[in-house]
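Engineer: With the sequence up front, the predicted model follows.
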Amino acid sequence: MKRKALFIINPVSGGKKKDGVPELVGKYLDPAIFEYDIEYTTGIFHAHDLARAAVGEYEVVVAVGGDGTVNEIASAIAETDTILGIIPFGSGNGLSRFLNIPMGTEGALKTMNAGRIITIDAGKMNGQWFFNMAGMGFDAHISHVFAHGSEKRGFISYFKSSLKEIANYKAKDYQIEIDGITYAREAFMLSTANSSQYGNNAHVSPHASVQDGLLDVCIIKPFPLWRFPEMGLRMFTKTADSSKFVEIIKGKHIHITRAQSGPIHLDGEPQDAGTDIKIDIVPNALKVIVGGGYKN
């Protein structure tokens, strides 16, 4: 029997036009394997609502967008038998890159035809799902700046904003309890990684796995401003864990307390949170189609 697939297209994700996507789906999706429908989102949480309604009616729900769109859709179908497909159209595409899904629409559709499906872990931060990366500190601050500013999405804009903001950003003190052991740390950035990377092939935790039943707590300690280029280079060369300014602790249950409320992010999408944050791993939470060269 053919698989029923629902493509959910976020027309504004990543600042990239998607007018040609339906034509490409018709051209490259194998009609012997799939029959499909297409829906467009009209606002925040619409992708989540469409995906939730698709559970039980469609075998595959395909996120056509960035990490935020992937999060909305995956959150709706997690812990069900519905399979996630991804056509990357974001500015970072962290989970897609980690799962070796081609960045081009044609290649991503051919990956769907190949139909390699795995089950991955997911995280929950204060009860909210994340599938790639969640955290607080400088990266959450930049996500917050992006959400409330006029900057265009994309790596160059992100890099420029980082250079602009880093000089005035102050590291924060955190109490981090990981599986019953407490660590007191001052951190410039505190990321909880399911996959290894933020996006754009910037790997904060090079040895992270989405199938090991663990989250990687990545503590980026304060570092001299002149070493910022080095820290960036380490992420792009998968050597961040070799830096004396980076500490990575794996765990299942994480409890973080901080002195003040402030921004957090879940898969790059910012929101505000209080001083008490609980994070847990949910093993085998999501079925997803991955690229042929994916190795975990």
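Structural biologist: That came in fine, so what should we check first?

Engineer: Look at Thr257 and give its secondary structure.
Structural biologist: strand (DSSP: H, G, I helix; E, B strand; the rest coil).

Engineer: hey, where'd the helices end up in the stretch 101-250 of the chain?
Structural biologist: Secondary structure of the stretch 101-250 of the chain (DSSP state H, counting those that start in this stretch): helices at 105-114, 138-147, 155-166, 228-236.

Engineer: Could I get the average pLDDT for the longest one?
Structural biologist: When you say that, I think you mean helix 155-166. For helix 155-166, mean pLDDT rounds to 70.

Engineer: again, but for the first one
Structural biologist: Model confidence over helix 105-114, given as mean pLDDT, is 97.

Engineer: So which bits of it are buried?
Structural biologist: By neighbour count with 16 or more other C-beta atoms under 10 Å, helix 105-114 contains the buried residues 105, 108-112. In short, each C-beta sits where N, CA and C put it, glycine included.

Engineer: chain center to it, what's the gap?
Structural biologist: Relative to the chain's own centre, helix 105-114 is displaced by 20 Å; criterion: C-alpha atoms, centre = their mean, to the nearest Å.

Engineer: Contacts for it, please.
Structural biologist: With C-beta atoms under 8 Å, 6 or more residues apart in numbering as the test, helix 105-114 has contacts from 5, 20-21, 24-25, 28-30, 33-34, 60, 62, 85-88, 96, 101-102, 289-292.

Engineer: Any stretches of the stretch 1-150 of the chain with poor pLDDT?
Structural biologist: 146-150 (pLDDT under 70).

Engineer: Quick check: the gap between Leu190 and Pro206.
Structural biologist: 18 Å (C-beta to C-beta, to the nearest Å).

Engineer: With Leu286 instead?
Structural biologist: 22 Å.

Engineer: what's the answer for Met136, then?
Structural biologist: 21 Å.

Engineer: what do you get for Tyr58?
Structural biologist: 35 Å.

Engineer: In terms of neighbours, single out the busier of these two.
Structural biologist: It is Tyr58, of Tyr58 and Pro206, that has more neighbours when counted by other C-beta atoms under 10 Å, with 21 against 18.

Engineer: distance of that one from Arg52?
Structural biologist: Look at Tyr58 and Arg52: by C-beta to C-beta, they are 11 Å apart.

Engineer: cool, Ala78 as well?
Structural biologist: For Ala78 relative to Arg52 (C-beta to C-beta), the value is 11 Å.

Engineer: so what sits against both of these two?
Structural biologist: Joint contacts of Ala78 and Arg52 (C-beta under 8 Å, 6+ apart) do not exist.

Engineer: which residues does Val204 contact?
Structural biologist: 133, 191, 193, 196-198, 218, 220, 235, 240, 246.

Engineer: ok, for it, nearest residue in space, not its chain neighbours?
Structural biologist: Cys218 (5.0 Å; C-beta to C-beta, 6 or more residues apart in numbering).

Engineer: and that neighbour, what are its bridge partners?
Structural biologist: Ser191, Ile248 (DSSP bridges).

Engineer: Return the residues in contact with it.
Structural biologist: Counted by C-beta under 8 Å, 6+ apart, Cys218 has contacts 135, 189-193, 204-205, 240, 246-248.

Engineer: before we move on, what about Leu50?
Structural biologist: 6, 8, 39, 41, 73.

Engineer: ok, now Ser243?
Structural biologist: 230-231, 234.

Engineer: Let's see that with 7 Å instead.
Structural biologist: 231, 234 (C-beta atoms under 7 Å, 6 or more residues apart in numbering).
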